[in-house]
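Asker: I would like to see how this sequence folds:
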Amino acid sequence: MAAEQQWFLKKLGDLEIEDDKIEILTEIKSRLDTTTSFEITSNFLTQSQIYDCAYDKSEEQSQLVYDILALCLSTLDINRTDFSKHLIKSLKHRNPKIRALALEEIYKNLSKNSASVGLTDNLNLDQDITLLVLKSLGDDETEVAGPAIKILSIILRKQLENSIIRDAFKSKLEERDVVKIRVYEVAVNLSKSDSSLLFQLQDILASMLKELDSDDILFQMNLLELLVSLAEQNHGFLFLEDKKIFDKIAARIETIEQDPLVQLLIPGFMKFFGKVAFYHPKKILEGYPKIISYLFSSFTNIDTNILPVALDTIGNIAYPAEGKIILDEKFPEQMKETMEEYLFLLRNLPTDVKCRVFSSLQMVFTHEDPPNNRIDLITNKWCSSLVNSEHDLSALMEYCKNPFPDIKISCLTFIRTLCSYRWGVDAVKNTASLLEFLLDRSVEFDKNVKFIKFEVISVLAETDLFDTSTLLQLKKYVAEGPYFIEPVMEIAVD
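Answerer: Presented below is the predicted three-dimensional model:
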C-alpha cells in the first residue's frame, strides 16, 4: 500500500512540472479505477494540483479531472470526523460541474446515513461547509443549486438555532427572485416536516406569503406550487388558513373581471385549490364553494387556456372518497352537467385534450379503498350521466376503436378503472361488441394497446358476472399473456 501511495503522490507532483497533463491524468484515473483506498483518494481531495488542472480550457483535461474527483469523492464517508475537510476545495472550485459533484456526494451521504443517524446531530457537516452550501443557493447553475436545496432541507433541521447560519440563510432573500424561490423551497421543505420548524421559520414563510402580491406571473406560480406542498401537512394547512391565504386567493378570483392579471393567474389558482382539495377535500369544498362553482363554470364556458387545468382540478377534488361524497351532496346538478360536458369535450376537442379528459375521468372514478355502497352509488350515477345510459358503455366504443393508439389507451385505461366497480363490469358485459373487441387479438398492433387490453381482461376474469363459457375465454386470454399470437395453420398441398 505504501508503494501504491507513493506512486500517486509522485503523479500529483508531476502535474506541477510536466506539460502533458492529459497523459498523467489518464494514468491516475486508470489506476484509481482499481482502488477504493481512502488513504490514497483523500490526497486528491485536499491537494491543489488536481484542481488546478480543471482550469485549463481543454475539455478532455477538464473531463479527466472531473472523473478523478468523482472516484475520490465516492470514497467519502460522512461518519468520518474529517469528512468536511475533504469537501472544501471542491465546493469552492470555480467549475460548476465540480461544485455540483461535491454537493451531490454530500446529498448521497446524507440520504444514506440520515435514517440510521436519526438527524440527532449535524452529520459531521461543520459550519463552514454549511455556509458553502448556503452560498450555492445563489449559484447561476441549477445543477449546483438543485442539490444544495436538497442538502439544506436536511441539515438545517438541526442548524437553524445557529445564528450565523440562520442569518446567512435569511440573507439570501435579498438576492434575485430565482434565489428567493430556492430559499422558500428549503423553508417549506423544513416546515412541512415538523411543526416546530414551521414556527422557527414563520418569518421567512410570512415573507413568502407577501410575495403573492408580486406582478411576476411565473414567480407567483412557483409560490403557489410551494404553498400546495406546505398545505399537504395538516399543520401547514392550518398555518395558511390562519394567515387567510385561501380567503385572499378566493377574493382575487372574484375580481377576475376587473383585473387582467388575475385572468393570467386563474390556472395557477385553480390548480392550487384542486391540489389542496386532494388532501383536505372537506375544508376546500365546504369552505370555498365559490371557487368550486367557478371551476364548474369553466367546463361550460370552454376556455382552452383554463380547460386542461380545470380537468386536472376536478380529478384532484373528486379523487378522495370524501371529495366524491361532498360533491354529490353539495353540487349534484353541477356534477351531472360536468359529466355530460365530458362527453361533449370528447367529441369536439383535439386529440391531446381528449387524452386529458380521460385522465381526469380516471381520477374522478378511481377509489383508494374497496368502494362502499355510497361510493358505488355515486360513481354509478355519474357514469350514467357521462355515457347517457344506465346499462352500457356504448358511448365509449368509438374511442376504444380509435386509430390513434394514445386515445385508445386512454379510453381503455378509463374502462379498466370502471371495472373496479361491480356495476362497471356489468356495463362492459352489456355493451354490444365490447367484450368481443377486447378478446380480439387480431385488431391490435401497438404493444401498449395490447397490454392495457390484457389488464382490462385480467380484471374481468376475476369477477363472477359472466357465464362459464365467457369466463373460460377470459381466463384463457389471461393465461396466454398480453402478447400472445395465434398460430397460423398451414395446409400442405401436393
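
Asker: going by C-alpha atoms from here, please, whenever you check contacts or count neighbours.
Answerer: Will do.

Asker: need the longest helix for this protein.
Answerer: For the chain, the helix reaching the highest residue count under DSSP state H is reported as helix 96-117.

Asker: can you name the element that comes right after the helix or strand containing Ser62?
Answerer: Ser62 is part of helix 59-73, with elements assigned from DSSP states H and E. Next along the chain after helix 59-73, taking DSSP H and E as the criterion, comes helix 88-92.

Asker: quick check: buried residues in that next one?
Answerer: Burial within helix 88-92, assessed by neighbour count using 16 or more other C-alpha atoms under 10 Å, is assigned to 88-92.

Asker: just the element for the closest residue to Gly481 other than its chain neighbours, please.
Answerer: Distances taken as C-alpha to C-alpha, 6 or more residues apart in numbering place Phe454 nearest to Gly481, at 7.3 Å, with adjacent residues excluded. Taking DSSP H and E as the criterion, the element that holds Phe454 is helix 447-460.

Asker: next SSE downstream of that helix?
Answerer: On the C-terminal side of helix 447-460, the nearest following helix or strand under DSSP H and E is helix 468-480.

Asker: and Leu212, what does it touch?
Answerer: Listed by C-alpha atoms under 8 Å, 6 or more residues apart in numbering, the contact set of Leu212 reads 220, 223.

Asker: so what's the nearest residue to Asp67 once chain neighbours are set aside scoring on pLDDT?
Answerer: For Asp67, the nearest residue in space outside its immediate sequence neighbours is Lys29; the separation is 7.3 Å by C-alpha to C-alpha, 6+ apart. In this prediction, Lys29 carries a pLDDT score of 92.

Asker: any idea which element Lys29 lies in?
Answerer: When elements are assigned from DSSP H and E, Lys29 belongs to helix 21-32.

Asker: that older thread, identify each buried residue in the following helix or strand past the longest helix of the chain, please.
Answerer: Counting by DSSP H and E, the element after helix 96-117 in chain order, helix or strand, is helix 127-136. Of the residues in helix 127-136, those buried by neighbour count under the rule 16+ other C-alpha under 10 Å are 129-136.

Asker: other SSEs contacting helix 127-136?
Answerer: For helix 127-136, the elements it packs on are helix 88-92, helix 142-155, helix 163-171, judged by 3 or more C-alpha pairs under 8 Å, 6 or more residues apart in numbering; DSSP states H and E.

Asker: to Glu232, which of those helices lies closest?
Answerer: Evaluated with C-alpha to C-alpha, the helices and strands packed on helix 127-136 place helix 142-155 nearest to Glu232, the distance being 16.8 Å.

Asker: that closest one versus helix 127-136: what angle between them?
Answerer: For the pair helix 142-155 and helix 127-136, the angle between their directions (axes from the mean of the first three to the mean of the last three C-alpha atoms, to 10 degrees) equals 130 degrees.

Asker: so what does the helix holding Ser62 touch, helix or strand wise?
Answerer: On a contact count with 3+ C-alpha pairs under 8 Å, 6+ apart, helix 59-73 meets helix 21-32, helix 38-46, helix 96-117.

Asker: let's have these in a markdown table, adding distance to Lys57.
Answerer: What follows is the helices and strands packed on helix 59-73, written out as a markdown table (distance: least, C-alpha to C-alpha, whole Å):
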| stretch | distance to Lys57 |
| --- | --- |
| helix 21-32 | 12 |
| helix 38-46 | 21 |
| helix 96-117 | 14 |
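
Asker: next SSE after the helix or strand encompassing Ala250?
Answerer: With elements taken from DSSP H and E, the one containing Ala250 is helix 245-253. Counting by DSSP H and E, the element after helix 245-253 in chain order, helix or strand, is helix 260-279.

Asker: and that next one, what's its mean pLDDT?
Answerer: This predicted structure assigns helix 260-279 an average pLDDT of 86.

Asker: which elements pack onto the very next helix or strand once past it?
Answerer: Downstream of helix 260-279, the next assigned helix or strand under DSSP H and E is helix 281-287. The criterion is 3+ C-alpha pairs under 8 Å, 6+ apart, and the helices and strands that helix 281-287 contacts are helix 260-279, helix 321-330.

Asker: for burial, what's the neighbour tally of Asp140?
Answerer: Summarising burial for Asp140: neighbours were counted as other C-alpha atoms under 10 Å, giving 12.

Asker: do the same with Met221
Answerer: 18.

Asker: give the contact list for it.
Answerer: Each residue near Met221 by C-alpha under 8 Å, 6+ apart is listed here: 265, 268.

Asker: that older thread, distance to Asp446 and mean neighbour count for the helices and strands packed on helix 281-287 - can I get that in TSV?
Answerer: Below are the helices and strands packed on helix 281-287 laid out as TSV (distance: least, C-alpha to C-alpha, whole Å; neighbours: other C-alpha atoms under 10 Å):
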stretch	distance to Asp446	mean neighbour count
helix 260-279	34	21
helix 321-330	35	19
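
Asker: make JSON lines out of the ones you listed and add distance to Asp242.
Answerer: As requested, those are arranged in JSON lines below (distance: least, C-alpha to C-alpha, whole Å):
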{"stretch": "helix 260-279", "distance to Asp242": "15"}
{"stretch": "helix 321-330", "distance to Asp242": "23"}
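
Asker: just say helix, strand or coil for the closest residue to Lys447 other than its chain neighbours.
Answerer: Among residues not flanking Lys447 along the chain, Tyr483 sits closest, at 7.6 Å (C-alpha to C-alpha, 6+ apart). Taken by DSSP: H, G, I helix; E, B strand; the rest coil, the conformation at Tyr483 corresponds to coil.

Asker: list the contacts of Tyr483.
Answerer: Residues counted as contacts of Tyr483 (C-alpha under 8 Å, 6+ apart) are 447, 450-451.

Asker: follow-up on the earlier one: OK, contacts around the residue nearest to Asp67?
Answerer: 64, 67-68.

Asker: hmm, 10 Å instead?
Answerer: Lys29 makes contact with 64-65, 67-69, 71 under the criterion C-alpha atoms under 10 Å, 6 or more residues apart in numbering.

Asker: one more: Gln220?
Answerer: With contact set as C-alpha under 10 Å, 6+ apart, Gln220 has these partners: 181, 208-209, 211-214, 226, 265, 268-269.
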